[in-house]
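S.K.: heads up, no residue letters with this:
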């Protein structure tokens, strides 16, 4: 089914709205954690699992979610993921016990993994002309890059003006709207790899490997990075990953064809994604703490402080970045954007204990906004540029795992 231009752009906005819900949830909870702890009686150690439960399932199921989209249809998996996420948001929002909240957060992570894994491939299939694809990726990239900052802002607003329950309940009307609009705007189609078989052994080993690795990382700060538990979990993850690679080299219908990593753009994009995610999530965490503990900002004020970076990122991602890619290709805009963002991180690293927002935080935010806005579009386009449509969901899952 061929869609007219207006329908394709409307469908893009629906995909962006669905993905925005997922991206927001990676940071929206952080601002509300003190309120959640006080209300439900979490200890400092157990409170971390409000975040970790989400990260564990989200990181573990990205690859499998992408491949399931290739096999059974990207729209079908997108709808399943949004529905799971929305139902889990209701459970989070009405939680009155620690166990229910943590369990619901794990289901949220599962739904979020499926949505993130297939949304990018749906967008790439909507726009096949290079110019339109670059513009669409600019909008999509802005949502993915700026959603984390927006989550901090929204979390602060909802927690201060209402209560922490609303950081989850706000997802419900959005999720329902996304499901209805997806059914209306996006055509249903069989998976581009339909007829292939699901590599069950590969799915089990790689999902277990990713979940063990994520568990070791998110628990490393509390248990210690050099403890037997952390090192044992990481070793088990490596063993399972090696087993997964061995399985993929032998089965006729692998979950992740190893030839994918002979594509240079895929490899470079994923290396960049890993380094980018490590730097940006660390910056979000440290800068939010600096604003609250050093400058004495309230949760709402912390959220508002991230607005400059968001606005600049949006302007560059939607406007300039697509034009740069069309003129210079992927490499130059990506290198320039990463260099500017790195300068912003270096600038923030020198912030003193008696600093001020305007002098010690705002300049680094501006540079990070410019750099992220320039670089996010080309890194995603490069990751998907050489991929066969039958593997687009998997490639999307791979790049999302890297950014995890």
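M.R.: In hand now; what should we look at? Note that the coordinates shown come from a computational prediction; the quantities given were computed from them, not determined experimentally. Numbers count the residues shown, from 1 in each chain.
S.K.: which SSE is residue 286 in?
M.R.: In the assignment (DSSP states H and E), residue 286 maps to helix 264-289.
S.K.: beyond the longest helix along the chain, next helix or strand please.
M.R.: Of all segments of type helix in the chain, defined using DSSP state H, the longest is helix 130-161. Later in the chain than helix 130-161, the nearest helix or strand by DSSP H and E is helix 166-169.
S.K.: pLDDT of that next one, averaged?
M.R.: Helix 166-169 comes out with an average pLDDT of 93.
S.K.: which strands or helices does it pack on?
M.R.: For helix 166-169, the elements it packs on are helix 28-40, helix 74-93, helix 130-161, judged by 3 or more C-beta pairs under 8 Å, 6 or more residues apart in numbering; DSSP states H and E. Every residue, glycine included, has its C-beta placed from N, CA and C.
S.K.: check the offset of the longest helix of the chain from the chain's centre.
M.R.: 11 Å (C-alpha atoms, centre = their mean, to the nearest Å).
S.K.: same question for stretch 34-50.
M.R.: 24 Å.
S.K.: contact partners of it?
M.R.: 29, 33, 95-98, 101-102, 105, 159, 163-164, 218, 222 (C-beta atoms under 8 Å, 6 or more residues apart in numbering).
S.K.: shaky segments in the stretch 251-400 of the chain?
M.R.: 299, 319, 389-390, 392-393 (pLDDT under 70).
S.K.: same question, the stretch 1-150 of the chain
M.R.: Residue ranges of the stretch 1-150 of the chain with pLDDT under 70: 1-2, 145-146, 148-149.
S.K.: as JSON lines, the contacts of stretch 34-50 with distance to residue 53 and neighbour count would be great.
M.R.: Putting those into JSON lines (distance: C-beta to C-beta, whole Å; neighbours: other C-beta atoms under 10 Å) gives the following:
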{"residue": "29", "distance to residue 53": "11", "neighbour count": "22"}
{"residue": "33", "distance to residue 53": "13", "neighbour count": "19"}
{"residue": "95", "distance to residue 53": "12", "neighbour count": "22"}
{"residue": "96", "distance to residue 53": "17", "neighbour count": "9"}
{"residue": "97", "distance to residue 53": "14", "neighbour count": "10"}
{"residue": "98", "distance to residue 53": "11", "neighbour count": "18"}
{"residue": "101", "distance to residue 53": "9", "neighbour count": "24"}
{"residue": "102", "distance to residue 53": "5", "neighbour count": "21"}
{"residue": "105", "distance to residue 53": "4", "neighbour count": "27"}
{"residue": "159", "distance to residue 53": "19", "neighbour count": "25"}
{"residue": "163", "distance to residue 53": "21", "neighbour count": "14"}
{"residue": "164", "distance to residue 53": "16", "neighbour count": "26"}
{"residue": "218", "distance to residue 53": "9", "neighbour count": "18"}
{"residue": "222", "distance to residue 53": "14", "neighbour count": "12"}
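S.K.: in the stretch 301-404 of the chain, which spans are helices?
M.R.: 307-315, 321-328, 331-349, 362-385, 392-403 (DSSP state H, counting those that start in this stretch).
S.K.: residue 16: which of those is closest?
M.R.: helix 307-315 (11.9 Å; C-beta to C-beta).
S.K.: buried stuff in the closest one?
M.R.: 308-310, 312-314 (16 or more other C-beta atoms under 10 Å).
S.K.: quick revisit: ok, which of the helices of the stretch 301-404 of the chain comes nearest residue 86?
M.R.: helix 392-403 (19.7 Å).
S.K.: next, the angle from the closest one to helix 130-161.
M.R.: Regarding helix 392-403 and helix 130-161, their directions subtend 50 degrees when assessed with axes from the mean of the first three to the mean of the last three C-alpha atoms, to 10 degrees.
S.K.: who does helix 392-403 touch, helix- and strand-wise?
M.R.: By 3+ C-beta pairs under 8 Å, 6+ apart, helix 392-403 packs against helix 44-72, helix 74-93, helix 98-126, helix 264-289, helix 362-385.
S.K.: who's in contact with residue 91?
M.R.: With C-beta under 8 Å, 6+ apart, residue 91 has these contacts: 100, 103-104, 107.
S.K.: could you rerun that using 10 Å?
M.R.: 100-101, 103-105, 107-108, 168 (C-beta atoms under 10 Å, 6 or more residues apart in numbering).
S.K.: what domains does the record give for the protein?
M.R.: Domains of the chain are assigned by automatic domain parsing as 5-198+255-403, 199-254.
S.K.: highest mean neighbour count out of these?
M.R.: domain 5-198+255-403 (a mean of 20; mean count of other C-beta atoms under 10 Å).
S.K.: possible to save the helices and strands packed on helix 392-403 as CSV with distance to residue 153?
M.R.: Below are the helices and strands packed on helix 392-403 laid out as CSV (distance: least, C-beta to C-beta, whole Å):
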stretch, distance to residue 153
helix 44-72, 18
helix 74-93, 19
helix 98-126, 19
helix 264-289, 11
helix 362-385, 13
